[in-house]
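Trainee: Test case, fold it:
(one chain, ligands or ions: 2)
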Amino acid sequence: MSRPGSRAQRQSQSQRPRDHLDLGLVVRGHGRHYLVETEEGQRILCHPRGKKSDAVVGDRVRWQMAGSDEGVIESIEPRSNLLYRQDEWRSKSFAANVDQLLVLVAVEPVFSESLLTRALVTAAEAGIHARIGLNKIDLPGVALARERLAPYVRMGVPVFEWSLSADPEAALAQLRPWLEGHSTLVLGPSGTGKSTLTNALLPDAQAQVGEISVALNSGRHTTTHTQWYWLEPERRSGWLDSPGFQTFGIQHIAPAQLASLLPDFAAAMQAGCRFANCSHRHEPGCSVRAALAEGQIAESRYRIYLELLDELSRPPIY
Ligand SMILES: Nc1nc2c(ncn2[C@@H]2O[C@H](COP(=O)(O)OP(=O)(O)OP(=O)(O)O)[C@@H](O)[C@H]2O)c(=O)[nH]1
Ligand SMILES: [Zn+2]
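Mentor: Numbering: from 1, shown residues only. Ligands and ions are numbered 1, 2, ... in the order given. Have a look, this model is predicted:
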C-alpha cells in the first residue's frame, strides 16, 4: 500500500473530481498554515492551493495530501455563516459555521454594553442563537450587573448566571445541555473568566493548544488565534475560543437594517413609524422614540444604537 503522500496516490487524487476529495474541518489557522481535521479525527497541516488564504476556523474544506505529511486545501464548502472581527482599521473574517454564541461578561470588570450589543447584533444578522453568561456573581456588584442586563432579559436574550470560582459545577450543569451537539463561539472581554471556563469544560485545553502550536509552528502568539476544541472524545460539540477578542466587525450590515437586528427596537417598530425609511433619529411619528419616551427601550440601548448607526453610515477607512 502506498503512503498517503506517494506520487501514485497524489496523481490518483489530483484526478479525482472535487466531490471525492476528502472533507476536513479547519480547527486552527495561522497565516497560510491551517490545521485540518480529517473525518477520522487526524489533524494535518495544510496550505491553501492559491495565493489567497480565505479559510477560517470552522470551515469545512475539500483537501488532499500534497507531500508526505502535508495537505493542500482545494476549496471551501458553502458556509452557513461567517463572522468578522474588527480592529481600528479593518474587518477580517475569523470563524465560520457557528451555531451559537456565548457572550461571557462578569460583575467585574464592568462590561461594555456597547460590545455586548455589537456581539448580539452580529449574531442576529448571522442567524446565530446567542446567550449571555454573567460570571462572578459572588462579587458585591452583582445587583448592578443584573440591572444593566435587565433590558436584555426583557428583550428575550437568555442569561446564565454563575460563579466559576465558587461553584464551577453549577456553571457546567447549566451550560452543558445547551452546548451539546452544537458549535459554540465564546466571546468575552479580558478578565471575565473565559480561560477559567474553557479550563473547567476542557481540563486538557492548555495541552491541546500547545500541541497545535507545535504543529503549526505558531510559537507563542497563540493567544490571538481562534481555536476549535471538541468538548467530548466523540466530537459532537465544538467550542470555539477566540482569545484577545476586541470586537465584532459589523461593517457588512446596512445602516437601514440595524434597528431590525435589535429585538427591543424591532418590537417597537411593529407599531409603525410614520416614514418607512425612518432612521429613528429625529423623524416625527417615530415608534422607536415613542418607546424610548415610555421607557420600553432603555436609554443606554438608544445611545448605543446611535453610535452604531453613525459607525455604519461612515465610509470605511482603508
Ligand atoms: N470572584 C471571582 N473571580 C473569578 C471568577 N471566575 C474567574 N475569576 C477570576 O478572574 C480572573 C480572570 O479570569 P480568567 O479566566 O483569566 O479571565 P479571562 O477572561 O480568560 O481573561 P484573559 O486571560 O485576560 O483573557 C482570575 O483571577 C480568576 O481567578 C468568579 O466566578 N468569581
Ligand atoms: Zn422611527
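Trainee: I'd like the average pLDDT over stretch 195-213.
Mentor: Averaging pLDDT along stretch 195-213 gives 78.
Trainee: Please apply the same query to stretch 70-86.
Mentor: Summarised as a single mean, pLDDT over stretch 70-86 is 92.
Trainee: Using CSV, write out every CA atom in it.
Mentor: The C-alpha trace of stretch 70-86 is given here as CSV (Å, rounded to 0.1, in the frame of the first residue of the first chain):
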residue,chain,number,x,y,z
GLU,A,70,1.1,17.9,4.5
GLY,A,71,-2.0,18.7,2.6
VAL,A,72,-3.5,21.3,0.3
ILE,A,73,-6.9,22.9,0.7
GLU,A,74,-8.6,22.8,-2.7
SER,A,75,-11.9,24.5,-1.8
ILE,A,76,-14.1,25.7,0.9
GLU,A,77,-17.6,24.2,1.3
PRO,A,78,-20.5,26.7,1.4
ARG,A,79,-20.8,28.3,4.8
SER,A,80,-23.9,28.8,7.0
ASN,A,81,-22.3,32.0,8.3
LEU,A,82,-19.1,33.9,8.5
LEU,A,83,-18.1,36.1,11.4
TYR,A,84,-15.7,39.1,11.3
ARG,A,85,-13.6,40.7,13.9
GLN,A,86,-12.6,44.4,13.7
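Trainee: what separates the nearest residue to Ser279 once chain neighbours are set aside from ligand 1, distance-wise?
Mentor: Of all residues not flanking Ser279 in the chain, Leu309 sits nearest, at 6.9 Å (Cβ to Cβ, 6 or more residues apart in numbering). (Glycine included, C-beta is placed from N, CA and C.) Per Cβ to the nearest ligand atom, to the nearest Å, Leu309 is found 30 Å from ligand 1.
Trainee: for Leu309, helix, strand, or coil?
Mentor: helix (DSSP: H, G, I helix; E, B strand; the rest coil).
Trainee: cool, Leu240 as well?
Mentor: strand.
Trainee: Touching, it and Ala96? I think so.
Mentor: No. Applying Cβ atoms under 8 Å as the test, Leu240 and Ala96 come out as separate, 9.9 Å apart.
Trainee: Please enumerate the shared neighbours of these two.
Mentor: Residues touching both Leu240 and Ala96 (Cβ atoms under 8 Å, 6 or more residues apart in numbering): Val57, Gly58.
Trainee: before we move on, the earlier item: distance check, the residue nearest to Ser279 against Arg60.
Mentor: Distance of Leu309 to Arg60, given as Cβ to Cβ, to the nearest Å: 35 Å.
Trainee: That'll do, ta.
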